[in-house]
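S.K.: Generate a structure from the sequence data that follows.
(one chain, ligands or ions: 1)
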Amino acid sequence: MRITVLGTGYLGATHAAAMAELGFEVLGVDVDPVKVDALSRGELPFHEPGLPELLRKHTGTGRLRFTTSYEQAGAFGDVHFVGVGTPQRPGSQAADMSYVEAAVTAIAAAATRDCVIAGKSTVPVGSARRLAALAAEHARDGVSVELVWNPEFLREGFAVADTLSPDRMVLGIADDTGGAAAEAVLRQVYARQLGSGVPLIVTDYETAELVKVAANAFLATKISFINALSEITETAGGDIRTLADAIGMDERIGRKFLNAGVGFGGGCLPKDIRALRARAAELGVGESVRFLAEVEDINTRRREHTVATVTEMLGGSVVGAQVAVLGAAFKPDSDDVRDSPALDIAARLHSIGAEVAVVDPQANANAAARYPRLDYVESLEAAVAGAEVVVLLTEWARFKAMTPEELAPLVAERRILDGRNVLDPARWTDAGWDYRALGRRATP
Ligand code: UGA
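M.R.: Purely as a prediction, here's the structure:
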């Protein structure tokens, strides 16, 4: 069985390397020749722990190759995974389906052998049924092209482990005999995972598409729930971390994704809740997920509140103040700055007159491409030098490990805002710092 992966971004590159690791001959396909050249040399164009090693291992043996040619892919593959992006459409909340449509059309037209197209991209419900018709329309005479929907649940920073050992797999299949045949092919591809006990849920297209967006919408809601409660503890008193620990011990709730702070970002959660709202509205059931507008508002308010707190700590104005921003990536172990709360807050502070020095262990270059006017520095020490306030926004291990003693001689003023609730308040307060956190009442 030979596999292609269409689109070699975050999802596609990880999936291609993981399929090679499972023992398949894999061809990664991308329309960008620069990306294809880099990957062919075993070079990963983004940061993901463990993936460079896997890429080098399999490009080295020739088991994993990359091309820009759909012709080559159509002649090569028995299974074509679609991992191209579905970004937010400019000027709209909806997902841009043009890359997925182009990939499915191109591979269906190029396929010279019977094959299965397995969609992995996050798409609005109803897309798979339409894409299956598109594939059938473009397939060559005598060549069978079946489509299945096989959403991906990997997290950045854990992409390799999540792909090789997922907690579940979902397969949406057509409701005819072709669907059953395609299911059998996918069961063969995932034989190793299924053999080691990973559950596989086989369902219809619509459920499979919705599982993905529903999971991300639920996670976003969980984060905004705890952040909403942190607005209350900030005013009434109370400690949001203890509150999260206590409710999280109820197994029905669970402690994960209850970390209050500056909120969620990245290339998935924000875009997916917007796309779900847009799709629900198209279907005439917009009110069903109207609460997601509130989920997003709570998330935006965290950013505004962070800027307001920094302003207050500086005595009412940030103009000309030296602010050290620790973190630019939307979360640690990633160089991704898409919809990043950290970078947004840094840019907001700069726009109202602060002198902002940003440090991120991996994301400085991506951040500088997006907001070139901030001052990007290479070390924590350089960022905090002369700072009148230190603002921790992405919980990288280095920032979690820093101590009040090591920072004190470097800063101009001992003020710190812990935007991720990862520092020990007593430790910083006892060392004479004005320590603030989101969801924990300011020290008197
Ligand atoms: C998310 C999902 O977790 C994956 O399951 C999914 O496959 C992926 O989107 C996708 O659709 O491709 P990811 O975007 O990598 O993965 O990031 P998460 O780990 O979910 O974090 C999202 C954001 O929420 C980050 O900004 C993080 O800092 C924030 N977060 C997370 C919190 O503010 N609090 C928490 O308790 C947890």
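S.K.: what is the mean pLDDT for stretch 430-442?
M.R.: Throughout stretch 430-442, pLDDT has a mean value of 90.
S.K.: right, I mislabeled it, should have said stretch 272-287
M.R.: The pLDDT scores in stretch 272-287 average 98.
S.K.: what does it contact?
M.R.: Stretch 272-287 is contacted from outside by 86, 88, 92-95, 122, 124-126, 212-213, 216-217, 220, 288-290, 292-293, 295-296, using Cβ atoms under 8 Å, 6 or more residues apart in numbering. For every residue, glycine as well, the C-beta is placed using N, CA and C.
S.K.: What's the PyMOL syntax to select whichever of those are buried?
M.R.: Buried residues among the contacts of stretch 272-287 (16 or more other Cβ atoms under 10 Å), as a PyMOL selection:
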select buried, resi 86+88+93+94+95+122+124+125+212+213+216+217+220+289+292+295+296
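S.K.: The ligand next: which of the contacts of stretch 272-287 are close?
M.R.: Residues of those in contact with the ligand (Cβ under 6 Å from any ligand atom): T122, N216.
S.K.: tell me what the lengthiest helix in the chain is packed against?
M.R.: As assigned by DSSP state H, the longest helix anywhere in the chain is helix 205-236. Contacts defined by 3 or more Cβ pairs under 8 Å, 6 or more residues apart in numbering; DSSP states H and E place helix 205-236 against helix 127-138, strand 145-149, strand 169-173, helix 240-248, helix 269-282, helix 291-313.
S.K.: buried stuff in the last one?
M.R.: For helix 291-313, the buried set under the neighbour-count rule, 16+ other Cβ under 10 Å, comprises 292, 295-296, 298-299, 301-303, 305-307, 309-311, 313.
S.K.: chain center to that helix: distance?
M.R.: 20 Å (Cα atoms, centre = their mean, to the nearest Å).
S.K.: swap in the fourth one?
M.R.: Centroid separation for helix 240-248 versus its chain: 25 Å, with Cα atoms, centre = their mean.
S.K.: let's number from 614 now, not from 1
M.R.: That works, and once the first residue is 614, the last one we named lands at helix 853-861.
S.K.: Report whether it contacts the ligand.
M.R.: No. Figure legend: helix 853-861 not in contact with the ligand (Cβ under 6 Å from any ligand atom); closest approach 8.3 Å.
S.K.: can you list the residues that contact that helix?
M.R.: Applying Cβ under 8 Å, 6+ apart, the contact partners of helix 853-861 are 839, 842-843, 846, 866-869, 871-873, 1034, 1051-1053.
S.K.: ok, and what's touching stretch 664-681?
M.R.: By Cβ under 8 Å, 6+ apart, the list of residues contacting stretch 664-681 from outside reads 621, 626-627, 629-631, 633-634, 637-646, 649, 652-657, 686, 772-773.
S.K.: The residue in the stretch 614-763 of the chain that the ligand sits nearest to and E796, how far apart?
M.R.: The nearest approach of the stretch 614-763 of the chain to the ligand comes at T735, 5.6 Å away (Cβ to the nearest ligand atom). Note on T735: its distance to E796, by Cβ to Cβ, to the nearest Å, is 21 Å.
S.K.: May I see the helices and strands packed on helix 818-849 organised as JSON lines, with distance to E661 added?
M.R.: Below are those laid out as JSON lines (distance: least, Cβ to Cβ, whole Å):
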{"stretch": "helix 740-751", "distance to E661": "27"}
{"stretch": "strand 758-762", "distance to E661": "24"}
{"stretch": "strand 782-786", "distance to E661": "21"}
{"stretch": "helix 853-861", "distance to E661": "28"}
{"stretch": "helix 882-895", "distance to E661": "18"}
{"stretch": "helix 904-926", "distance to E661": "25"}
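S.K.: Which element, helix or strand, includes F679?
M.R.: strand 677-680 (DSSP states H and E).
S.K.: what's the following helix or strand after that strand?
M.R.: Next along the chain after strand 677-680, taking DSSP H and E as the criterion, comes helix 683-689.
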